[in-house]
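# Just a sequence and a predicted model for now, questions to come.
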Amino acid sequence: MTGTVREGKASGTPVRPDLGAPSEPLESDPRSDPSRSAALTAPHPRSDPFGRSGQSAPSAPEAPPTPSGQSDPATPSDPAAPSDPADPSGQPDPSALPADAPVPAPVLQADSVAVVREGDTLLDDITLTVRPGEHWALLGANGAGKTTLLGLLGALTHPTRGRVEVLGRRLGRVDLRELRTLIGHVTPRHPLRSALTVRDVVLTGVTNSVERPPRWTPTAAQQERAEELIGTLGLAGRTAARWPTLSQGERGRALIARALMPEPRLLLLDEPATGLDLPGREQLLDALDALGARHPGLATVLVTHHLEELPSGTTHALLLRGGRVLAQGPVDRVLTSERVGACFGLPLTLERHGGRWSVRTTRPGPRETPSPVPG
């Protein structure tokens with residue numbers, strides 16, 4: 001994926017009959033063998049959750065930024081252009097990697113995925129590869145399919161067609177409940193109703209429960225990790241504060257710390273800045289950037305429809321419209337005025353300062369008034 005923008009065509013056509021059919025059986029995986037099958041269903045090793053002692057994602061040369069309001073000269077600016085033939089599979093561009101650098105195994109891989117519910121096509125022909133250390137943004141208007149796609153990537157549901165692999169485990173061949181314990185999934189709609197402290201909320205990430213289980217006592221190492229994450233997320237002074245007294249921003253950061261307790265290699269964030277005021281949003285984004293710097297092997301996928309909510313450490317973006325991919329790839333090439341404007345159906349002007357984006361609608365300039373003719 002590195003260095004290449006893939007573009008697709010938004011579909012406004014009726015649902016195809018073949019997509020409305022029941023899910024067909026998953027084809028056999030030619031790579032599978034007894035040892036591979038055992039590896040797919042075995043518990044995920046946690047000795048090095050962030051890839052720090054293994055091979056982390058190689059650093060690709062940063063793509064030159066595209067000037068605001070101008071199309072990327074390397075690819076067509078027309079969002080309806082066909083997919084880039086140089087990158088049909090979503091794999092990284094070998095020319096962007098050092099000659100002797102191994103390509104890291106993906107943490108997420110979706111291949112020609114479709115989701116159909118009650119005859120409605122929610123996602124169609126989605127192909128995506130996310131590798132360790134990459135920080136993706138899923139962008140699109142309401143109803144574009146962002147949350148549906150995040151549900152697939154988080155092993156919350158199965159695709160109607162296509163293949164999804166999460167952390168090397170293929171959906172349909174693994175217990176989803178077990179797989180979910182290996183993924184950090186953050187939603188602002190956390191259903192906690194009791195007055196747990198921040199410390200206890202974070203510790204429920206160990207048990208993957210909303211409430212702290214009765215008669216359960218965390219180990220000293222688990223308590224130490226909870227304190228470390230609370231500090232990383234900027235809540236060191238609020239450890240004993242209770243859930244009902246927390247601001248929306250403090251709750252969001254506590255939930256991110258909770259999601260990181262099982263030491264996942266993948267963190268999914270579903271509109272984490274929802275309901276935050278300006279200070280709360282900025283504290284959240286600063287915490288996410290600090291998290292990426294501290295754990296360079298951690299991959300993240302963040303869903304939003306506000307470009308102002310993207311952390312400065314965002315590396316890749318995918319634009320969704322009508323359940324189809326408009327473009328995906330490195331942010332400097334995907335987040336252009338033309339592409340984002342096509343995604344949201346508005347003439348837009350994007351600007352980037354200090355790694356952060358801002359956007360506004362493009363308005364025609366004032367008409368010039370003719371100068372009066374001298375009498």
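Arrived safely. As the structure is a computational prediction, the values presented were derived from the model and not from experiment. Residues are numbered from 1 along each chain as shown.
# going forward, measure contacts and count neighbours with C-alpha atoms only.
OK.
# Mind listing residues that contact the helix or strand where Thr204 lies?
Thr204 belongs to helix 198-207 when assigned by DSSP states H and E. Under the criterion Cα atoms under 8 Å, 6 or more residues apart in numbering, residues 210-213, 218, 222-223, 226-227, 230, 238-243, 254-255, 257-262 lie in contact with helix 198-207.
# Quick check: Leu122 touching Val113?
No - between Leu122 and Val113 there is no contact under Cα atoms under 8 Å: 10.5 Å.
# quick one: the strands in the stretch 201-350 of the chain?
Remark: strands assigned in the stretch 201-350 of the chain by DSSP state E, counting those that start in this stretch are 266-270, 299-304, 316-321, 324-330, 348-353.
# Tabulate these (TSV), appending distance to Leu278, mean pLDDT and mean neighbour count.
TSV is the format used below for these (distance: least, Cα to Cα, whole Å; pLDDT from 0 to 100; neighbours: other Cα atoms under 10 Å):
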stretch	distance to Leu278	mean pLDDT	mean neighbour count
strand 266-270	18	92	23
strand 299-304	16	94	24
strand 316-321	23	96	26
strand 324-330	27	95	26
strand 348-353	17	93	16
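# Can you say which of these is nearest to Thr160?
Closest approach to Thr160 among these is made by strand 324-330 (14.8 Å; Cα to Cα).
# Okay, now the sheet partners of that closest one, with direction.
Strands that pair with strand 324-330, judged by DSSP bridges, come out as strand 6-7 (antiparallel), strand 316-321 (antiparallel).
# would TSV of those with distance to Val359 be doable?
Converted to TSV, these look like this (distance: least, Cα to Cα, whole Å):
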stretch	distance to Val359
strand 6-7	21
strand 316-321	15
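# closest one to His305 among the ones you listed?
His305 lies closest to strand 316-321 among these, at 9.9 Å (Cα to Cα).
# So which residues lie in contact with that closest one, not counting its own?
Outside strand 316-321, the residues within contact range by Cα under 8 Å, 6+ apart are 10, 134-141, 144-146, 325-331, 334-335, 340, 343-344.
# if you look at these, which of them are in helices?
Assigned to helices by DSSP state H, the following of the contacts of strand 316-321 qualify: 146, 331, 334, 340, 343-344.
# By neighbour count, which of those wins?
The residue in the ones in helices among the contacts of strand 316-321 with the most neighbours, by other Cα atoms under 10 Å, is Lys146 (28 neighbours).
# That one against Leu139, yeah?
Yes - using Cα under 8 Å, Lys146 is in contact with Leu139, at 7.1 Å.
# Now do the shared contacts for these two.
By Cα under 8 Å, 6+ apart, the residues touching both Lys146 and Leu139 are 303, 320.
# Show me the contacts of helix 198-207 that map onto helices.
By the criterion of DSSP H, membership of the contacts of helix 198-207 in helices covers 222-223, 226-227, 230, 254-255, 257-260.
# quick revisit: filter the contacts of helix 198-207 down to just the buried residues.
In terms of neighbour count (16 or more other Cα atoms under 10 Å), the buried residues within the contacts of helix 198-207 are 211-212, 223, 226-227, 230, 238-239, 242-243, 254-255, 257-262.
# Helix or strand: which one has Trp152?
For residue 152 the amino acid is Leu, not Trp. Using DSSP H and E, Leu152 maps to helix 146-153.
# Work out the gap between the helix or strand harbouring Trp357 and the centre of the chain.
Following DSSP H and E, one finds Trp357 within strand 356-361. Relative to its chain's centre, strand 356-361 lies at 20 Å (Cα atoms, centre = their mean, to the nearest Å).
# bridging residues for the spatially closest residue to Gly140 that is not a sequence neighbour?
Excluding the flanking residues, the one nearest Gly140 by Cα to Cα, 6 or more residues apart in numbering is Leu320, at 5.0 Å. Under DSSP bridges, the beta-bridge partners of Leu320 are Val325.
# In this structure, what helix or strand scores lowest on average pLDDT?
Scoring the helices and strands of the chain by mean pLDDT, DSSP states H and E places helix 34-41 at the bottom, with a mean of 38.
# residues in contact with the very next helix or strand once past that helix?
Next helix or strand after helix 34-41 toward the C-terminus (DSSP H and E): strand 108-117. By Cα under 8 Å, 6+ apart, the residues outside strand 108-117 that reach it are 19-20, 121-131, 153, 159-168.
# Isn't Leu298 up against Leu266?
Yes - between Leu298 and Leu266 there is a contact under Cα under 8 Å: 6.0 Å.
# Distance-wise, check the spatially closest residue to Glu211 that is not a sequence neighbour relative to Ala195.
Nearest non-adjacent residue to Glu211, counting by Cα to Cα, 6+ apart: Thr204, 6.5 Å away. Distance of Thr204 to Ala195, given as Cα to Cα, to the nearest Å: 13 Å.
# cool, Gly329 as well?
For Gly329, the distance to Ala195 - Cα to Cα - is 42 Å.
# do the same with Thr315
Thr315 is 37 Å from Ala195, by Cα to Cα.
# Please say which of the two ends up with more neighbours.
When Thr315 and Ala195 are compared for neighbours, Thr315 comes out ahead with 18 against 14, by other Cα under 10 Å.
# can you pull the contacts of the more buried one?
Contacts for Thr315 (Cα under 8 Å, 6+ apart) come out as 134-136, 330-331.
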